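Colleague: no letters, just coordinates:
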């Protein structure tokens, strides 16, 4: 205890400043304890307060020191001013604020001390200018406090308004005060005078009377002439800068109105109009705003379009970058209903363009995670980077798949393009051409969806099979049911087959002119029609020229012939027409479509038998080749994200050297296409490089549902040789070859077997997509294709263009009056606001030309129809969902014409093979006049060989074979076609009535000379090709120089009416059910005898194309 007491430090002896701050560190060994109680807290703060404030001595010293410093600073300032007489003091004195302070403050201070001067006038109203300055400073501080940006425009407008108010207020108060010595104007009259004067009206009813007020008016006008122009100049500069950048999208508008954001690298007029026309084509999004966010300045053409009242109130252009959060905030991306990110397809480096798109998508997802993303990507290998987006369209995937299907299903590109475009079906309805009216009306068909329980179209088919619902809905309402989606399944199934039973919760996908919600159901009118023996009009108002028994047959009400179940005689070349009044042989009947599927009565899609048929019916020379083919999934995918598809594959991969078509190797010595001896026609693809997208061209042509005997050899004609990575991906496919060459080299075309090819696909080259003049990007491609069109007129050339407007130059004929008439028709449809003005161009209607920009609408439609991209991928074979069907085609032959109408064909297919037809590809003979004389006559430029109703009535009793011949033959000799000769004679007589006989004779002579000139030109081209073939050592017997398809036109009819008559060589688009959907032993497969009987009943034969 003693040790603890000895360690207690002694207290300081007495309070001193040194001891207060430092304390006394000395210790005394005194046993006495001195306790001192402090009045204040013993802290450092209290010690400083005691020294500087409470201690009088120290406080006085500090105050004296501070006074000396202030005095010294004043003396130093005076010395500096004396040394620099032009210094800062004059700047302070001549400031406006200082002068105003002196004028208002100094007299006020003087009057405080001098009572006698209190009556002096002080212009206190000049303080408004000080208030203006204070307001500016306050706004600036407010902006800094809330960290608000982009407020220069607001500040400048505020300054301008304040300046005007200050000028008016100063003038009003000054004139009112000075006029007290004169007329004594009131304050209101002074204000009235200032407003009239500054507005340059000058009525003259109120004027200043004395010279001081007049001098003040002069001074105010001079100040206004100096100050206001400066303010307006600054405001206009900021306004122009804001116009370039686009300003902001209002937060209040974003919260009360709906808007979408369109992000692009460079905005072109074509892209803008395609987006706006397609986006605003849907009624329920008419009130949406479109905010365009683009890093480049607005183009002149775009600015002109956005000034149109139709778009100026709904489209807002913002210049900025998607990678900046500030610009995304300006566009109010977090409140947007959707964000569309489009790639710049005109870039030379498309991979770099994809990288920019990927970064934009990442930036939007980071800033607004809940905003739906619609992304367009160019290269398929970059697709997995934007997998998180709600909807993704890969350009090269769709492009190559569509071009591939064009080779096996003609005009697939036209079919899909018409389906994804919004149209009312009014195009071409005023045209005198029958095919244009029908083609334009059917082009209005689109894909819609509805829940079965809410539908009048399909509600009555609950518990029925899918095939039954599809046929009867088409028969009754004219709608084509193509797919369905279960409530518990996210996958859409195209034609799941008759085993699929419809449920109330199913979502039905159908093709129709308009959606069911916009349809009117007039059942009373249908009853009247039935009483009169006429077919119901439905959604089609096309006149019917068919007899009553044909109409009844087309509606599927033909009774089954239960007695005569023998198949038709296979030896007959065509089916006999039914005899009248029961005499003669009866017309073969069509079985009804069953409500519930009978597995024993349904033809197993005849693809299930392809493998066995190929194995059992092969010839000896094909046996060894066929045994090397297997069905499986490609082992090597060239990029991440490709959908696995069951394909025909080689049993062993082909060596890389064997893939080279024009060079032999140790495995074979073939050096040209002729040496291989292919059984089927070739498909040649001309591309610049072997990109990963080219893989999607091969897969649909080698899919498992393609019959092995119908596989066409594929030759890739590449400008640059492919790398080993691409060869590794394609070496497992049968009959796929490549060759280095270009289409502008005749030798390369002959070596790759162009004379043995059925289709030549010309892919747009990346290096030519950009040009100094945008629309010149297709110049080289168009000229090369035109050359091949002249050299090989029988070849089907499918061309991809960068700009759709250039399709008018495909297969160009300078003196073709019909093409000029189509050009005028296109302009008329464009003036009417049609989104499909180019649809009547013959190359597009025939599926011979395609532009990937036409599929941009697929991404735009996904905002309203989120199912369009999956359906398009299923149709093109990009995705294969188990149980979902696929697109294929069949050709109408002479033996199939007994079916007569499209409605009966629908029933036949649904009842036999469960296939769903969705359209027709029709080819008609046509006269293309090339005379310059007829170009002056508009009526003569539209002469078509379409059979009108009167001729149909006259020729109704002729045989179908003869009718199909004279309606669809492509030969040039009119003597073999009586109807063609008759129409030509009528046309000649009409022409002779309008023109005098000498002119008609001169025209005939001119036409004959022109035909001779053409013939000599063809002979010259033929000699050129044959000489090159001889030089290359190729046989010349395969070159058919006289086969010219220039006298035909083709077009697509989507979902035609049931009473549409079938014609010879019509190609019907089918959605065939998945042959592997019910393969495992649900039921025993039908016997071989049953299969043969069914095929004979359907008139099927072993041909290159599927027959009925």
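Modeller: Good, I have the coordinates. Note that this is a predicted model, so its numbers are computed, not measured. Numbering: from 1, shown residues only.
Colleague: where do the domain boundaries of this protein fall?
Modeller: 45-242, 249-389, 399-408+411-418+626-867 (the TED database).
Colleague: can you get me the start-to-end distance on the second one?
Modeller: Read it as domain 249-389. Domain 249-389 has its terminal residues 24 Å apart, counting by CA to CA, to the nearest Å.
Colleague: coming back round to it: which of the domains of the chain sits most buried?
Modeller: Among the domains of the chain, domain 399-408+411-418+626-867 has the highest mean neighbour count (mean count of other CB atoms under 10 Å), at a mean of 19. To be clear about C-beta, it is placed using only N, CA and C from the backbone, and glycine gets the same treatment.
Colleague: which residues touch residue 152?
Modeller: Listed by CB atoms under 8 Å, 6 or more residues apart in numbering, the contact partners of residue 152 are residue 238.
Colleague: distance check, it against residue 238.
Modeller: In this view, residue 152 and residue 238 are 6 Å apart by CB to CB, to the nearest Å.
Colleague: wait, isn't residue 784 in contact with residue 764?
Modeller: No - counting by CB atoms under 8 Å, residue 764 is not a contact partner of residue 784; they are 11.8 Å apart.
Colleague: stretch 510-523: how far from the chain's middle?
Modeller: Stretch 510-523 sits 26 Å away from the centroid of its parent chain (CA atoms, centre = their mean, to the nearest Å).
Colleague: contacts for that stretch next, please.
Modeller: Counting by CB under 8 Å, 6+ apart, 419, 424-425, 444-450, 455-458, 473, 477-482, 539, 918, 1054-1055 sit against stretch 510-523.
Colleague: ok, back up a step: lowest-confidence stretch among the domains of the chain?
Modeller: Among those, domain 45-242 carries the lowest mean pLDDT, a mean of 76.
Colleague: which phi and psi does the residue nearest the centre of the chain have?
Modeller: For the chain, residue 856 is the residue whose C-alpha lies nearest the centre (CA atoms, centre = their mean; 1.7 Å). Main-chain torsions, residue 856, degrees, to the nearest 10: phi -60, psi -30.
Colleague: contacting residues for it?
Modeller: Residue 856 is in contact with 271, 274, 275, 278, 342, 376, counting by CB under 8 Å, 6+ apart.
Colleague: how about those in TSV, adding distance to residue 96 and secondary structure?
Modeller: Below are these laid out as TSV (distance: CB to CB, whole Å; DSSP: H, G, I helix; E, B strand; the rest coil):
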residue	distance to residue 96	secondary structure
271	53	helix
274	57	helix
275	53	helix
278	59	helix
342	54	coil
376	58	strand
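Colleague: closest one of those residues to residue 117?
Modeller: residue 275 (75.6 Å; CB to CB).
Colleague: the closest one against residue 863, yeah?
Modeller: No - using CB under 8 Å, residue 275 is not in contact with residue 863, being 10.6 Å away.
Colleague: can you work out which residues contact both of the two?
Modeller: residue 340.
Colleague: can you pull out the strands in the stretch 301-450 of the chain?
Modeller: For the stretch 301-450 of the chain, the strands defined by DSSP state E, counting those that start in this stretch cover 315-319, 338-341, 373-377, 391-394, 446-451.
Colleague: stretch 170-184: how far from the chain's middle?
Modeller: Worked out by CA atoms, centre = their mean, stretch 170-184 lies 69 Å from the chain centre.
Colleague: which residues are in contact with it?
Modeller: 121, 123, 125-126, 128-129, 185-187, 190-191, 193-194, 197-198, 208-210, 212-213, 216-217, 220.
Colleague: for whichever helix or strand residue 111 is part of, packing partners?
Modeller: Taking DSSP states H and E as the definition, one finds residue 111 inside helix 96-113. The contact analysis (3 or more CB pairs under 8 Å, 6 or more residues apart in numbering; DSSP states H and E) places helix 96-113 against helix 127-146.
Colleague: name the nearest residue to residue 889, ignoring sequence neighbours.
Modeller: residue 409 (4.2 Å; CB to CB, 6 or more residues apart in numbering).
Colleague: what sits against the one you found?
Modeller: Neighbour list for residue 409: 415, 887, 888, 889, 921, 1067, 1069 [criterion: CB under 8 Å, 6+ apart].
Colleague: among those residues, which lie within strands?
Modeller: Those of these mapping onto strands are 887, 888, 889, 921, 1067, 1069, per DSSP state E.
Colleague: now the fifth one: how far from residue 915?
Modeller: Read it as residue 1067. Per CB to CB, residue 1067 is found 14 Å from residue 915.
Colleague: those two: which has the busier surroundings?
Modeller: residue 915 (26 against 20; other CB atoms under 10 Å).
Colleague: tell me the angle the helix holding residue 111 makes with helix 127-146.
Modeller: 120 degrees (axes from the mean of the first three to the mean of the last three CA atoms, to 10 degrees).
Colleague: out of the strands of the stretch 301-450 of the chain, which comes closest to residue 738?
Modeller: Comparing the strands of the stretch 301-450 of the chain by CB to CB, strand 391-394 comes nearest, at 22.9 Å.
Colleague: for the closest one, which outside residues touch it?
Modeller: Under the contact criterion CB under 8 Å, 6+ apart, strand 391-394 has outside partners 372-380, 383, 386, 693, 855, 858-859, 862, 866, 869.
Colleague: take these and keep only those in helices.
Modeller: Within those, residues falling in helices by DSSP state H are 858, 859, 869.
Colleague: just put those in a markdown table and tack on distance to residue 316.
Modeller: Output for the ones in helices among the contacts of strand 391-394, formatted as a markdown table (distance: CB to CB, whole Å):
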| residue | distance to residue 316 |
| --- | --- |
| 858 | 25 |
| 859 | 21 |
| 869 | 27 |
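Colleague: list just the nearest of those residues to residue 327.
Modeller: So of those, ranked by how close each gets to residue 327 (CB to CB), first place is residue 859, at 22.3 Å.
Colleague: so what's that closest one closest to, chain neighbours aside?
Modeller: residue 393 (4.8 Å).
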